[in-house]
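Asker: mind looking at a prediction? Sequence and model below.
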Amino acid sequence: MRRLLSAARPVLFDSLGVVVFALLAALHLDVIFATLAAASVAVGLVAWERLRGRPVPALQWLSLGLVLVPAGATLLTHDPRFMMAKPTIIYTLAGLAMLQPGWMQRYLADYPALWNEAVINRFGFIWAGLMFATSVANLVVAVLFTPWWPTFIAAFPLGSKFVLFVVQYVTLRSIARRKMQAARAVT
């Protein structure tokens, strides 16, 4: 369990601003408050990395931009429909970013035994597919099932990512075990 939490940490860290917004929206808190909280978390995470002298990863910069730009528009317009469409934009852009082979290697740097480039790249494309599916589902729910949107945004994106994360984790650990057993059998 400790390894699973350690592996999940970078993913949660990069998307914490979006997670904060989703949780506050699910609790039906004021849209302005939820927006300001998410923007504050996103800015704080980037500032924390910079203060520690670490480079800020591309996905974290993307996450910051995807929180700040829509947050500004929401604060200016006070239009909740914009907030409901925002995740569609976010998931589409994230899916596009995840189409680049090798993007996931940053998240597996501490686990060289898990490296199997072909499998990692396939999972990267599966993640991109999940982002695109979530994008479409968000737009459908926001437009056609508006009252259900807060529940959807709080449950489906996080739940589907968690399920895929666990499937990927178990698959990569299984491959790593087989590689280690094969190496032991040779010696």
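Answerer: Looks like it came in fine. Numbers count the residues shown, from 1 in each chain.

Asker: just the helices from this protein, written as ranges.
Answerer: 2-14, 16-26, 31-51, 58-77, 80-97, 117-144, 149-186 (DSSP state H).

Asker: now the ones you listed in JSON lines, with mean pLDDT and mean neighbour count?
Answerer: All C-beta atoms are positioned from the backbone trio N, CA, C, and that covers glycine. Listed next are the helices of the chain as JSON lines, based on pLDDT from 0 to 100; neighbours: other Cβ atoms under 10 Å:
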{"stretch": "helix 2-14", "mean pLDDT": "64", "mean neighbour count": "14"}
{"stretch": "helix 16-26", "mean pLDDT": "76", "mean neighbour count": "21"}
{"stretch": "helix 31-51", "mean pLDDT": "87", "mean neighbour count": "17"}
{"stretch": "helix 58-77", "mean pLDDT": "78", "mean neighbour count": "17"}
{"stretch": "helix 80-97", "mean pLDDT": "82", "mean neighbour count": "19"}
{"stretch": "helix 117-144", "mean pLDDT": "93", "mean neighbour count": "17"}
{"stretch": "helix 149-186", "mean pLDDT": "86", "mean neighbour count": "14"}
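
Asker: between those helices, which gets nearest to Gln105?
Answerer: Taking Cβ to Cβ, helix 117-144 is the member of the helices of the chain nearest to Gln105, at 6.5 Å.

Asker: ok so, going back, how about JSON lines for the helices of the chain, with distance to Trp103 added?
Answerer: Output for the helices of the chain, formatted as JSON lines (distance: least, Cβ to Cβ, whole Å):
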{"stretch": "helix 2-14", "distance to Trp103": "11"}
{"stretch": "helix 16-26", "distance to Trp103": "17"}
{"stretch": "helix 31-51", "distance to Trp103": "18"}
{"stretch": "helix 58-77", "distance to Trp103": "8"}
{"stretch": "helix 80-97", "distance to Trp103": "7"}
{"stretch": "helix 117-144", "distance to Trp103": "6"}
{"stretch": "helix 149-186", "distance to Trp103": "13"}
